[in-house]
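K.L.:
Sequence plus predicted model, see below.
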Amino acid sequence: MRSPPAAAERGGVAGDDRVRVSEGAFAERAVLVVEDNAFMLRLFARLMRDLGFGSVLTAHDGLSALAAMRTASVDLVVCDYSMAPMDGLEFVRLVRRGSASPNPDVPVIMVTAHAELFRIQAARDAGIDDVLVKPVSSERLYGRIRAVLANPRPFVKVGGYSGPDRRRRERPYPGRERRAEAVAAAPGSDDAVIEDLLHQIEQAAGIAAYARSRPFKRAAQIGRIATLGAAIRDKGAHIANPVIERIGHSLWAFCESLDVPEPAHVEVVQSHVDALKAVMRDSLDGGATGELLAEMLQRAAAKHGGRDYRRLDAAGDAEAPIRPFSAR
């Protein structure tokens, strides 16, 4: 029971960027929109009708949404994160694991104004299929719905988790199984590359801790992390993990852009390292969580980095070779 597209945000649609939808693409699909803000509920419902959904149901909170699901079959649920009296997380948990859930495996896309990583991970662990952070364009929402409905992930029940398989890749990992410390396996990857990548991430973590405690050594340590960032980026490309590649590149560009590293800069470095650990642990190789994580880090790096950060982040390593800190 899965299918495609739309777009919106609390406070309005991000521009009049309506996407073209094949006529009748969703004519036989039913979508349930759950939102406690009356204006946003009407807006989302209108967007879904514009996209051609044959049936558009609405609910103002989780309880009424569950009631609606008991009386009508739905192919997709789009719900808000922050609702009262039942918030989006509790609603999704009841859909996935509630004993009286009418449709435990229905695809769920959550829309939220909260971009903090821990909130996104909480939504993912509740059992959502995908998440969109406001503001949301019609094109982005269409793309997410299409991906969720056209390419559904297997539904799994493991321990206390019920929902779509959180591992994006179906190809088995060629080395020993690391479910607890998840490793993103990919075509052409091998134990040596994965182990080296994990080691380099831990190395970067150790160097960042040293830089925090030894201010007079900070510049040299940031230079070492820049080198590691480039290596992590390259290994991310090697194992076909765009999230690792993008975060590694941002880490390299951030460190390269700094002339005189300050304590706040070390915190940005630490955020990159923590994100890399989370990606490896949770096997993220794309999707909303990985995309959002990389975007958040790039924003932080652009805000706190040197004036060359944006140029370096946009450049390839051939255009912007790594410079030793002694040369700055």
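P.N.:
Perfect, thanks for sending it.
K.L.:
buried stuff in stretch 266-277?
P.N.:
V266, V268, V269, Q270, S271, H272, V273, A275, L276, K277 (16 or more other CB atoms under 10 Å). For glycine as for every other residue, the C-beta is placed from the backbone atoms N, C-alpha and C.
K.L.:
Could I get the residues you listed in TSV, plus columns for pLDDT, secondary structure and distance to E139?
P.N.:
Shown next, in TSV, are those (pLDDT from 0 to 100; DSSP: H, G, I helix; E, B strand; the rest coil; distance: CB to CB, whole Å):
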residue	pLDDT	secondary structure	distance to E139
V266	93	helix	37
V268	93	helix	30
V269	94	helix	33
Q270	92	helix	34
S271	92	helix	29
H272	93	helix	28
V273	92	helix	33
A275	89	helix	26
L276	90	helix	29
K277	87	helix	32
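K.L.:
ok, so of those residues, who is nearest Q200?
P.N.:
L276 (9.0 Å; CB to CB).
K.L.:
and E295, what element?
P.N.:
helix 287-304 (DSSP states H and E).
K.L.:
Name the spans of the protein whose pLDDT lies under the cut-off.
P.N.:
1-24, 115, 117, 167-192, 283-288, 315-328 (pLDDT under 70).
K.L.:
if we can go back for a sec, just flag the most distant two among the buried residues of stretch 266-277.
P.N.:
Farthest pair in the buried residues of stretch 266-277, by CB to CB: V266 and K277, 16.4 Å.
K.L.:
Now the element after the one helix or strand L47 maps to, going C-ward?
P.N.:
Applying DSSP H and E as the criterion places L47 in helix 38-50. Following helix 38-50 in sequence order, the next helix or strand is strand 55-59 (DSSP H and E).
K.L.:
That next one versus helix 38-50: what angle between them?
P.N.:
Put simply, strand 55-59 runs at 170 degrees to helix 38-50, going by axes from the mean of the first three to the mean of the last three CA atoms, to 10 degrees.
K.L.:
Just the buried residues of whichever helix or strand comes after strand 55-59, please?
P.N.:
Toward the C-terminal end, the helix or strand that comes next after strand 55-59 (DSSP H and E) is helix 62-71. Residues G62, A65, L66, A68, M69 are the ones in helix 62-71 that count as buried (16+ other CB under 10 Å).
K.L.:
next one: stretch 228-240
P.N.:
Buried, per 16+ other CB under 10 Å, within stretch 228-240: L228, G229, A230, A231, I232, R233, D234, K235, G236, H238, I239, A240.
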